[in-house]
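1. everything below, folded, please.
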Amino acid sequence: MTTSSSEQGVSLGMPQLPAPAYPDDVRARLEADGREIIARYPDSRSALLPLLHLVQAEEGHVTRTGQQFCATLLDLTTAEVAAVATFYSMYRRRPSGDYQVGVCTNTLCAVMGGDAIFESLQEHLGVGNGETTDDGKVTLEHIECNAACDFAPVVMVNWEFFDNQTPASARRLVDDLRTGAPVEPTRGAPMCTFKETARILAGFPDERPGAVEASGGAGPASLVGLRLARGETAPARVVHPRGSGAPEDQSPTTEHLSSHDAPQDTSASDPAHPAGPVAEEGE
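-> Here you go, the predicted model:
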């Protein structure tokens, strides 16, 4: 005697319906952009990554419709497209905010206060990791490394840098993003929405005035090795712990060299023992 799946408590469910197609006008526009992207590559399959950015720029995340569009345009299966779209974290798999706020919680940023910043933003925004505020403005996530250790702790918004953050400054930042107040990254291009960022990553020109000319470089602590390799030498410079004050015979400097001598306090795991080297790296 056999038992049915329902009697066994197993629900097979209905098969997933095919992804809905884009409206005709949207599809025509995306196809024109997609053909332009594909023409850049000798093998059309190589255009999959920028095409995924293109469909992400349309809806704010990579939908099943976007995956089907890419598959059709590149003569791939949807399984092949989905395998790529789900492998890279830069492709969002569900609706997300206009501003992707990523807090670095890797080793250096964490000990300099990244964990405290992330926890503060979770409480302030009322969201968890990878979640979006009710107004659709901010998606919060922790990032393993922002490649800006000499400016730790670092927060990124749509891949633009906000250096030497504290819990208080990070809260002000997300509040400004939600209210539409002007926000300027510490370095790099002016702010734009996540959809606009995705289109730029797809390979289309950033036509905002001054955006291309804006740039952000590494801090002096990151460039010590390069200077040594070139045979360059720098005068010895002692960096005193925050709050200790400089010796009377040392003139103050306003140059913002790194997070270790930032003009504002950054949160530390132990405020009673502020972090900071006693000499510049490489000396």
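
2. which residues are in contact with the residue nearest the centre of the chain?
-> Centre of the chain computed as the mean C-alpha position; nearest residue by Cα atoms, centre = their mean is residue 159, 3.9 Å away. Shown here is residue 159, whose contacts under the criterion Cβ atoms under 8 Å, 6 or more residues apart in numbering are 100, 197. All C-beta spots, glycine's among them, are computed from the backbone N, C-alpha and C.

3. let's see it at 10 Å
-> 90, 100, 102, 146, 185, 188, 189, 194, 197, 200, 201 (Cβ atoms under 10 Å, 6 or more residues apart in numbering).

4. number of nearby residues for the closest residue to residue 126 other than its chain neighbours?
-> Leaving aside its sequence neighbours, residue 126 sits nearest to residue 133 (Cβ to Cβ, 6 or more residues apart in numbering; 7.3 Å). As a burial measure, residue 133 scores 19 neighbours (other Cβ atoms under 10 Å).

5. so residue 140 sits against residue 101, correct?
-> Yes - Residue 140 is within contact range of residue 101, at 5.3 Å (criterion: Cβ atoms under 10 Å).

6. overlap in contacts of those two?
-> Residues touching both residue 140 and residue 101 (Cβ under 10 Å, 6+ apart): 118, 121, 125, 127, 133, 174.

7. mind picking the two most distant members of those residues?
-> For those, the farthest-apart pair by Cβ to Cβ is 118 and 133; their separation is 15.2 Å.

8. so who does the residue nearest to residue 126 touch?
-> With contacts defined as Cβ under 10 Å, 6+ apart, the neighbours of residue 133 are 97, 98, 99, 101, 125, 126, 127, 139, 140, 174, 177, 178.

9. and the first one, what does it touch?
-> This means residue 97. Residues counted as contacts of residue 97 (Cβ under 10 Å, 6+ apart) are 60, 127, 131-133, 135-140, 158, 177-178, 193-194.

10. and stretch 31-43, how far from the chain's centre?
-> Chain-centre distance of stretch 31-43: 26 Å, with Cα atoms, centre = their mean, to the nearest Å.

11. rewinding a little: out of the shared contacts of residue 140 and residue 101, which comes closest to residue 221?
-> residue 118 (23.1 Å).

12. that closest one: neighbour count?
-> What residue 118 shows, counting by other Cβ under 10 Å, is a neighbour count of 26.

13. what's the distance between it and residue 140?
-> According to Cβ to Cβ, to the nearest Å, residue 118 stands 8 Å off from residue 140.

14. between those two, which contacts overlap?
-> Overlap between the contact sets of residue 118 and residue 140, as judged by Cβ under 10 Å, 6+ apart, is given by 101, 102, 103, 129.

15. closest one of those residues to residue 51?
-> Relative to residue 51, the closest of the shared contacts of residue 118 and residue 140 is residue 102; by Cβ to Cβ it sits at 23.6 Å.

16. so the closest one belongs to a strand, correct?
-> Yes - Residue 102 forms part of a strand when assessed by DSSP: H, G, I helix; E, B strand; the rest coil.

17. is the residue lying closest to it once chain neighbours are set aside in a bridge, and if so with what?
-> Leaving aside its chain neighbours, residue 102 sits nearest to residue 143 (4.0 Å; criterion: Cβ to Cβ, 6+ apart). Here residue 143 shows beta-bridge partners residue 104, assigned using DSSP bridges.

18. next up, the contacts around residue 143.
-> Residue 143 is in contact with 89, 100-106, 109, 114, 118, 154-156, counting by Cβ under 10 Å, 6+ apart.
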